[in-house]
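Trainee: Coordinates for the following, if possible.
(one chain, ligands or ions: 2)
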Amino acid sequence: MAISQYQLEGAIRHGYNDATFKCPVLIADGYSGEDDLRVDLPEGLILKETYIGRAVAEADSMIILGHARGHSITMYGGVLKQLGIGCQSKRGKYITHLAHWGDPHDAIGWPKFTDGCPGKACKFAQMCDDSCPRDAHKVIEHGKEWWPDRCRLCYSCQVTCIFSGMTGVTFEENYFPNAMIAHGDAALGAMKTFEKGKIGFYNFAIDVVPECDCFPWAGKAICPDIGIFASKDMIACEMATLDAIDAAPIIPGSVAAEKGVKIGDDKFKIVNGFSPRITMNAGEKIGSGTTQYKLITYEPVLTPEHAAKWQVRDFNKQPAVTVRLRKVFKNHDLVKEVQPFKRTEFNKDWVWNNWKTFDPK
Ligand code: SF4
Ligand code: SF4
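Mentor: Numbering: from 1, shown residues only. Ligands and ions are numbered 1, 2, ... in the order given. Predicted coordinates for the structure are as follows:
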């Protein structure tokens, strides 16, 4: 089974399919994640090139729908992450995570094995051995052996160990803030495949969970639902979203509450380790947008036109359903034997304030 088939299966399980979207669902980098276009990034702070899924790179315009929530590598994910990871092909994602082909020692992403591994006594030892697609590590009696020349920096061992709650393999120091900047570089690569003004960004600050949605343990939302942010500027959209999340109250029982986050604090910095503004400031530096924004809020206002939406019609062109039904009921009146509503009688002994006998107060 090719990668794209697994992805489509996952998408369908999450309710993303042609019928619900009313448009085709495509895996943008093809059958095996290798159908892409290379983009030069001379502006990039870390990446100097990246690879964009061909279906994205060849599109005329794009609307990005981002879910504002936390993330264990980038600390936060919104619209920028949709470009910096979502639009990248397999090799684009690989370098965005700071992995390289060739000598793994060139990359900051290589696994850092610690003394925290109990070896065969670890209850995840078999899972850990099975996690490596290159057979590059093995759990031994009191620890772990690793053959770096076989390693291709796939992160499978780190993810297996860390997400099992163990401490035998972790990431190199400085990995996370550098990965945050790199995914900002890659986002610019995706933007460069579109003409200026041909991408629109929407952040849904709803169910703002501390972790990525792809985890079943994404956690309890750290603040109440805020709303939807829209902009043609990616960084401005992200900054407005982050500022609003930081200004929002903290949900009791969430990890933010457990960590003592206060209203106005940089929530994702405290919850996940680094400020998401590292990515946004770096993105501004390379020309991906501006951290300055003017927030225009829209609250639904009750007008005859808005109210008409409940009558399922276009206010100016079409009579309301109720007005159209008048004709039907008029016909009923003309045909005397049609009695759609027969007169019924209520309980004669009932007094209209009897309901009070049931009122607990
Ligand atoms: S990073 Fe991937 S290839 Fe390298 S040792 Fe870990 S699981 Fe194996
Ligand atoms: S999951 Fe971590 S602690 Fe357990 S065997 Fe693997 S490296 Fe060691």
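
Trainee: how about the strands in this protein?
Mentor: For the chain, the strands defined by DSSP state E occupy 36-40, 49-53, 62-67, 69-71, 75-77, 112-113, 137-140, 143-146, 169-170, 199-205, 227-231.

Trainee: and the ones you listed as a markdown table, adding mean neighbour count?
Mentor: The C-beta positions use only the backbone N, C-alpha and C, and glycine is treated the same way. Formatted as a markdown table, those follow (neighbours: other CB atoms under 10 Å):
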| stretch | mean neighbour count |
| --- | --- |
| strand 36-40 | 17 |
| strand 49-53 | 25 |
| strand 62-67 | 17 |
| strand 69-71 | 25 |
| strand 75-77 | 27 |
| strand 112-113 | 16 |
| strand 137-140 | 17 |
| strand 143-146 | 17 |
| strand 169-170 | 20 |
| strand 199-205 | 22 |
| strand 227-231 | 18 |
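
Trainee: Reformat those into a markdown table and put distance to ligand 2 next to each item.
Mentor: Formatted as a markdown table, the strands of the chain follow (distance: least, CB to the nearest ligand atom, whole Å):
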| stretch | distance to ligand 2 |
| --- | --- |
| strand 36-40 | 33 |
| strand 49-53 | 31 |
| strand 62-67 | 30 |
| strand 69-71 | 22 |
| strand 75-77 | 23 |
| strand 112-113 | 7 |
| strand 137-140 | 5 |
| strand 143-146 | 5 |
| strand 169-170 | 5 |
| strand 199-205 | 35 |
| strand 227-231 | 39 |
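
Trainee: Dump the ones you listed to TSV, plus mean pLDDT and distance to residue 320.
Mentor: Listed next are the strands of the chain as TSV, based on pLDDT from 0 to 100; distance: least, CB to CB, whole Å:
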stretch	mean pLDDT	distance to residue 320
strand 36-40	96	51
strand 49-53	96	46
strand 62-67	97	32
strand 69-71	96	40
strand 75-77	97	43
strand 112-113	90	67
strand 137-140	94	69
strand 143-146	93	71
strand 169-170	90	63
strand 199-205	98	31
strand 227-231	97	29
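
Trainee: okay, the ones you listed in CSV with distance to residue 319 next?
Mentor: Converted to CSV, those look like this (distance: least, CB to CB, whole Å):
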stretch, distance to residue 319
strand 36-40, 52
strand 49-53, 47
strand 62-67, 33
strand 69-71, 44
strand 75-77, 46
strand 112-113, 70
strand 137-140, 72
strand 143-146, 74
strand 169-170, 67
strand 199-205, 34
strand 227-231, 32
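
Trainee: right, and these - which one's nearest residue 239?
Mentor: Residue 239 sits nearest to strand 227-231 of all those, at 9.4 Å, using CB to CB.

Trainee: List the residues that contact whichever residue of the stretch 251-361 of the chain sits closest to ligand 1.
Mentor: Per CB to the nearest ligand atom, residue 273 is where the stretch 251-361 of the chain lies closest to ligand 1, at 20.8 Å. Residues in contact with residue 273 (CB atoms under 8 Å, 6 or more residues apart in numbering) are 75, 176.

Trainee: Angles on the backbone of the closest residue in space to residue 225 that isn't next to it in sequence, please.
Mentor: Closest residue to residue 225 apart from its sequence neighbours, by CB to CB, 6 or more residues apart in numbering: residue 206 at 4.6 Å. Note on residue 206: its backbone torsions stand at phi -130, psi 140 [degrees, to the nearest 10].

Trainee: What about residue 206, how many residues nearby?
Mentor: By the criterion of other CB atoms under 10 Å, residue 206 has 14 neighbours.

Trainee: follow-up on the earlier one: do you know how far the residue of the stretch 251-361 of the chain closest to ligand 1 is from residue 35?
Mentor: As defined by CB to CB, to the nearest Å, residue 273 lies at a distance of 35 Å from residue 35.

Trainee: Next: residue 134.
Mentor: Computed as CB to CB, the residue 134 to residue 35 distance reads 24 Å.

Trainee: So which of the two has more stuff around it?
Mentor: Neighbours per residue, other CB under 10 Å: of residue 134 and residue 35, the larger number sits with residue 35, 18 against 14.

Trainee: Just to check, that one is in contact with residue 52?
Mentor: No: contact criterion CB atoms under 8 Å: residue 35 and residue 52 do not qualify, at 10.3 Å.

Trainee: which residues do the two both contact?
Mentor: With CB under 8 Å, 6+ apart, residue 35 and residue 52 have common neighbours residue 89.

Trainee: Could I get the contacting residues of the residue lying closest to residue 115 once chain neighbours are set aside?
Mentor: Spatial nearest neighbour of residue 115, chain neighbours left out: residue 143 (7.5 Å); criterion: CB to CB, 6+ apart. Residue 143 makes contact with 113, 115, 117, 118, 119, 168, according to CB under 8 Å, 6+ apart.

Trainee: Count residues in the vicinity of the residue nearest to the last one when sequence neighbours are not counted, would you?
Mentor: With CB to CB, 6+ apart as the criterion, residue 168 has its nearest non-adjacent residue at 3.0 Å, and that residue is residue 117. Neighbouring residues of residue 117 were enumerated by other CB under 10 Å; the total is 21.

Trainee: Next one: residue 117 relative to residue 4, how far apart?
Mentor: From residue 117 to residue 4 the distance is 35 Å (CB to CB).

Trainee: need the residues of the stretch 101-250 of the chain near ligand 2, please.
Mentor: Within reach of ligand 2 by CB under 6 Å from any ligand atom, the stretch 101-250 of the chain has these residues: 117, 122, 124-125, 128, 139, 144, 160-161, 164, 166, 168-169.

Trainee: Those residues: which two are farthest apart?
Mentor: Maximum distance among those (CB to CB): 13.5 Å, for 144 and 164.
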